[in-house]
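# kindly generate the corresponding structure for this input.
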Amino acid sequence: MESSVSAVHTFGQRIWRAARLEPAIYEEVEADKSATGQALVVVILSSIAAALGLGMSGPSAPGRLLFGLLAALGGWVTWAVLIYWVGARWFPEPQTQSDVGELLRTVGFANSPGLLRALGVFVGMQQIVFVAVNVWLLISTVIAVRQALDYRSTWRAIGVCCWGWAVQLLLVAAVWIFFGYSA
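So this is what the prediction gives:
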């Protein structure tokens, strides 16, 4: 029992440290192959927090929540793979050594500030919370990418995130058009 309590405590500390933008935590989860499951949980919790913050309710809420969870998980994997290809294959620095698993873990934990999106449930706070948290998420992702790809340059990490974001945006638009959501 104590082992599971310690694991939850460690997991909570990792979330807190990632949200505080500590570069060392991204190095820690990058190296810890057992942290992939924890990164997955962070992404799921962040997605649920967003649903709560958006005030999802009513009979369609479970379907929308499931869609949101699947979109968040798909986005997490797509984002990590794109960042890997752009950052480790196309624009590496000499010391860059990474794999998709490392990026899944670091980008997953970069979603830690997303847990605060649940605060959007308070009247009049939704837009403020979502804008602030989304900026925070962008910053945490840049730090995660810089650490996972062993970059010395934060600007390179920003560039890789921008390239990855643009490609992901094109992929999402293509899926929406394919499924008839272009209107």
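
# ranges for the helices of this protein?
Remark: helices of the chain, listed N- to C-terminal, are 2-19, 23-31, 36-53, 61-83, 100-109, 126-148, 154-178; assignment by DSSP state H.

# ok, and what's touching the fourth one?
What it means is helix 61-83. Taking contacts as Cβ atoms under 8 Å, 6 or more residues apart in numbering, the residues outside helix 61-83 that touch it are 40, 43-44, 46-48, 50-51, 56, 100, 103-104, 107-108, 111, 145, 148-149, 160-161, 163-164, 167-168, 171. No exception for glycine: its C-beta is placed from N, CA and C like everyone else's.

# can you turn the buried part of those into a ChimeraX selection?
Remark: buried members of those, expressed as a ChimeraX selection using 16 or more other Cβ atoms under 10 Å:
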select :40,43,44,46,47,48,50,51,56,103,104,107,108,111,145,148,149,160,161,163,164,167,168
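
# contacting residues around Leu115?
When the contact criterion is Cβ under 8 Å, 6+ apart, the partners of Leu115 are 15, 19, 42, 45-46, 49.

# could I get the phi/psi values of Phe122?
Reported as degrees, to the nearest 10, the phi and psi values for Phe122 are phi -70, psi 130.

# quick check: pLDDT value at it.
The score at Phe122 is 84. That number is its pLDDT.

# for it, grab the count of nearby residues.
The local packing of Phe122 (other Cβ atoms under 10 Å) involves 11 other residues.

# same deal with the one 10 residues further on?
When neighbours are counted by other Cβ under 10 Å, Ala132 registers 15.

# cool, and the one 10 residues further on?
A count of nearby residues for Val142, using other Cβ under 10 Å, gives 22.

# what does Pro94 give?
Taking other Cβ under 10 Å as the neighbour definition, Pro94 ends up with a count of 6.

# thinking again about what came up before, let me have the helices of the chain in JSON lines, extended by distance to Arg117 and mean pLDDT.
As requested, these are exported to JSON lines (distance: least, Cβ to Cβ, whole Å; pLDDT from 0 to 100):
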{"stretch": "helix 2-19", "distance to Arg117": "12", "mean pLDDT": "80"}
{"stretch": "helix 23-31", "distance to Arg117": "20", "mean pLDDT": "96"}
{"stretch": "helix 36-53", "distance to Arg117": "4", "mean pLDDT": "92"}
{"stretch": "helix 61-83", "distance to Arg117": "11", "mean pLDDT": "83"}
{"stretch": "helix 100-109", "distance to Arg117": "16", "mean pLDDT": "97"}
{"stretch": "helix 126-148", "distance to Arg117": "5", "mean pLDDT": "94"}
{"stretch": "helix 154-178", "distance to Arg117": "19", "mean pLDDT": "84"}
